[in-house]
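> What follows is a protein structure lacking sequence information:
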Ligand code: GRG
């Protein structure tokens, strides 16, 4: 899925992420172990890769953006831990392994999710993680992360999602749901990388526009995969949307209609990359690859 240049970002992330997490010790070690488990390899690391690539595209340093990229992945991981809990999607599997609550129990999984959310912001503001970065840029990048994770972003989207179960929702509600639930963190990734590199406002907005279209394409493909992929390919149960009676792009537009929309959003995402010129060829390749991903 990743070009060689993006694979280098991935390697940085895989190496750094465990080091930013609390090390298990003492009487509360089990929560730290569950946090490590929830962030172990197996995910695509799409959001942190986007942070590093937008930092590079905007003339900044991927290494300096690395703590922020890892913080974003911690928030993504927490959302998956909580989403899998029995009170939400009740999913026993994630990334081909027992989900965190299946491995550690429900209460520890709940605390590990809370711990990851908190740790993300500890990492963003820790003095040793801000060396060589402009303080105003750090503040704006951290605020972008907080906004995306909160009520106007992922939490709001998850709320709409839960309220929509068992009901037919209209396309505006579906778009709002996914712009917030899936799109917000992807948009934040693009914003954070460009902000940390000191990009001007127009460039940050071009990055955010790319993230918004990518987020929609990503979600439509997610809806398609829930119907067309096997549990083995997904690393989690397939058919969950139908079981939870969710309205999706597939239920509203059919398989062909949803595929067409995913292609349109992919094209729009690639058009938004025009602002970054030839330098964005790795991202163009990634955007196309995400359209045909199988997990
Ligand atoms: C519980 C606060 C809270 C939020 C949950 C993100 C989310 C909101 C739920 C995840 C469920 C889901 C299937 C969302 C749709 C798209 C999505 C975010 C998929 C998972 O992201 P990937 O494919 O996962 O990037 P990996 O495993 O590659 O990191």
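That came through, no problem. Bear in mind the structure is a predicted one, so any value in this text is a computation, not a measurement. Numbers count the residues shown, from 1 in each chain.

> contacts, neighbours, all on C-alpha from now
Will do.

> Tell me the secondary structure at residue 206.
At residue 206 the chain is in helix, as set by DSSP: H, G, I helix; E, B strand; the rest coil.

> What about the nearest residue to it once chain neighbours are set aside, how many residues nearby?
Once flanking residues are discounted, residue 206 sits nearest to residue 272: 6.1 Å by Cα to Cα, 6 or more residues apart in numbering. When neighbours are counted by other Cα atoms under 10 Å, residue 272 registers 20.

> Offset the numbering so it begins at 25, please.
OK, 25 is where the count begins now, so the last one is residue 296.

> wouldn't residue 296 be in contact with residue 231 here?
Yes: Residue 296 lies in contact with residue 231 (Cα atoms under 8 Å); the separation is 7.5 Å.

> wait, what's in contact with the residue nearest to residue 230?
If a contact means Cα atoms under 8 Å, 6 or more residues apart in numbering, then residue 296 has 230, 231, 233, 234 as its contacts.

> got it, and residue 191?
Residue 191 makes contacts with 269, 270, 271, as judged by Cα under 8 Å, 6+ apart.

> Which one of the residues you listed is nearest to the ligand?
residue 270 (11.6 Å; Cα to the nearest ligand atom).

> ok, the nearest residue to the closest one once chain neighbours are set aside - contacts?
Spatially, and ignoring its direct neighbours in sequence, residue 270 is nearest to residue 189 (5.1 Å; Cα to Cα, 6+ apart). By Cα under 8 Å, 6+ apart, the contact set of residue 189 is 268, 269, 270, 271.

> can you rerun that using 10 Å?
Going by Cα atoms under 10 Å, 6 or more residues apart in numbering, residue 189 touches 265, 266, 267, 268, 269, 270, 271.

> For the stretch 25-174 of the chain, which residues are neighbours of the ligand?
With Cα under 6 Å from any ligand atom as the criterion, the stretch 25-174 of the chain meets the ligand at residues 67, 68, 69, 70, 103, 104, 106, 107, 119.

> Out of those residues, flag the one nearest to residue 76.
The closest of those to residue 76 turns out to be residue 70 (Cα to Cα; 10.2 Å).

> Neighbours of the closest one, how many?
Should you count by other Cα under 10 Å, residue 70 turns out to have 17 residues around it.

> can you pull the contacts of it?
Per Cα under 10 Å, 6+ apart, neighbours of residue 70: 26, 30, 34, 93, 97, 210, 213, 310, 314.

> Could you look up the SS state of the fourth one?
Going back to what we said before, that points to residue 93. Assigned with three-state DSSP, residue 93 falls in the helix class.

> Kindly report the same for the second one.
Using three-state DSSP, the structure places residue 30 in helix.

> surely it meets residue 307?
Yes: between residue 30 and residue 307 there is a contact under Cα atoms under 10 Å: 8.5 Å.

> out of the two, which sits in the busier spot?
residue 307 (22 against 19).

> on that earlier part again, tell me the one of the contacts of residue 296 nearest residue 163?
Nearest member of the contacts of residue 296 to residue 163, counting by Cα to Cα, is residue 231, at 18.1 Å.

> any idea how far residue 243 is from the closest residue to the closest one other than its chain neighbours?
The shortest distance from residue 231 to any non-neighbouring residue, by Cα to Cα, 6+ apart, is to residue 214 (5.3 Å). The gap separating residue 214 from residue 243 is 17 Å, by Cα to Cα, to the nearest Å.

> Those two: who's more crowded?
Between residue 214 and residue 243, residue 214 has the larger neighbour count (other Cα under 10 Å), namely 28 against 21.
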